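Student: Okay, predicted coordinates and the sequence, questions at the end:
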Amino acid sequence: MGITKLADLIREDAPGAVSHKDISDYAGKVIALDASIVLNQFRAAVPSLGFLSPLTGVFFRTLTFLEHDIKPVFVFDGKPPWEKRAVLEKRAEAAGWRSPNHSGTASSQTKDCLHLLKLLGVPIIQAPGEGEALCAQLVRDGTVDAVASEDMDTLPFGGNVLIRQLNAKKDSDVIEYSLPKLLGILKISHEEFVDLCILLGCDFCDKIAGLGPKRALSLIREHRTIENVVLHVNRRTHPVPHFWKYKDARKLFLNAPQTVVPELVWTEPDEEALVEFLCRAKHVKEHRVRSRMEKFRQMREKKRKDREDEKAAGHGRQTRMEDFFRVTRKRQQLVEAGDSGSSKGKRPKPK
């Protein structure tokens, strides 16, 4: 669900925090993606195909990112926080699942997706808890340039740059949100913004009934904290939940576990292994996989030629495609955790 009507509030009260871009604007950028949201998108798009739809969806979309010189990093959820149990139960019921995954252990479907991404040569990070929280840490620390997610949770978790609608559709309008600009326009601190998001409605606790976005923003601007808002709100028209766990939600947003991020490495997709997995094991038609890989190679060759032409014309600097797949990023972190994907193709550390 994310944060209820936060996008509407930003559009109305802080449009200057929003930029409209094209997927090509992110060439050369490292983008973190919350894997659970990506998989759920494809699962919902074609439910009749079961998990085959997410697998093929991730295959095609990841190649599109790579064709645009975007370096994707997929972040997988760990054990969900206790505060999210009620939301997970509702989602499982709506989807027709027997029960949600409370343990954080990878399902067979998730393991298939992990294997697919490794064959595509894309780095994977396992979050200790909420994937969105780790995505926010990655962009805040400068390990990635932005987070691509349809949920707005990245912003209260402290992610400075959030991208929505980053997909493979032609002429798609990519929407980018800047958290620093948003806080400046609204004239509130990040802590106050987190309280605003809790008032709007989040996954970790109930909300005050009947409190709309404009009223919630007005109350935060005037009273600055939920504690003060509760003292001044009309409880007959806006009843406060009994045993309201807003402090727990606030703590989750502001004090999410920090993770040591492994070295991120992109390697060449392994076409034969992809065919073996998708076609032999998962029964995707081979011509779909082969033709998509051929298009991928053609797009890379075209971009290589374009760069050579630009260099010859004196515009820009040539970058070999091999360099794209061997680029690594490493940032100093504080707390040990996390797990990487494939380590193949690492460069020797500089001396």
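Tutor: Okay, I see it.
Student: all strands for the stretch 251-351 of the chain, in order.
Tutor: Listed from the start of the chain, the stretch 251-351 of the chain has strands (DSSP state E, counting those that start in this stretch) covering 264-265, 328-329.
Student: Those strands: lowest mean pLDDT?
Tutor: Across the strands of the stretch 251-351 of the chain, strand 328-329 has the smallest mean pLDDT, namely a mean of 44.
Student: Could I get the full set of helices for the stretch 251-351 of the chain?
Tutor: Using DSSP state H, counting those that start in this stretch, the helices of the stretch 251-351 of the chain run over 271-275, 286-312, 321-326.
Student: of the ones you listed, which approaches Ile23 most closely?
Tutor: Evaluated over the helices of the stretch 251-351 of the chain, closeness to Ile23 peaks at helix 286-312, with 13.0 Å, by C-beta to C-beta. Bear in mind the C-beta positions are built from the backbone N, C-alpha and C, glycine included.
Student: possible to save the helices of the stretch 251-351 of the chain as a markdown table with mean pLDDT, mean neighbour count and distance to Leu199?
Tutor: Conversion of the helices of the stretch 251-351 of the chain to a markdown table gives the following (pLDDT from 0 to 100; neighbours: other C-beta atoms under 10 Å; distance: least, C-beta to C-beta, whole Å):
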| stretch | mean pLDDT | mean neighbour count | distance to Leu199 |
| --- | --- | --- | --- |
| helix 271-275 | 97 | 15 | 46 |
| helix 286-312 | 90 | 13 | 45 |
| helix 321-326 | 53 | 14 | 44 |
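Student: right, so of these, which gets closest to Ile163?
Tutor: Ile163 sits nearest to helix 321-326 of all the helices of the stretch 251-351 of the chain, at 19.9 Å, using C-beta to C-beta.
Student: where in the stretch 101-250 of the chain is pLDDT low?
Tutor: Confidence mapping of the stretch 101-250 of the chain against pLDDT under 70 gives the ranges 101-106, 168-171.
Student: now the strands for it?
Tutor: 124-126, 146-148, 161-164, 174-178.
Student: same for the last one, what does it pack against?
Tutor: Read it as strand 174-178. Here strand 174-178 touches strand 18-21, strand 161-164, going by 3 or more C-beta pairs under 8 Å, 6 or more residues apart in numbering; DSSP states H and E.
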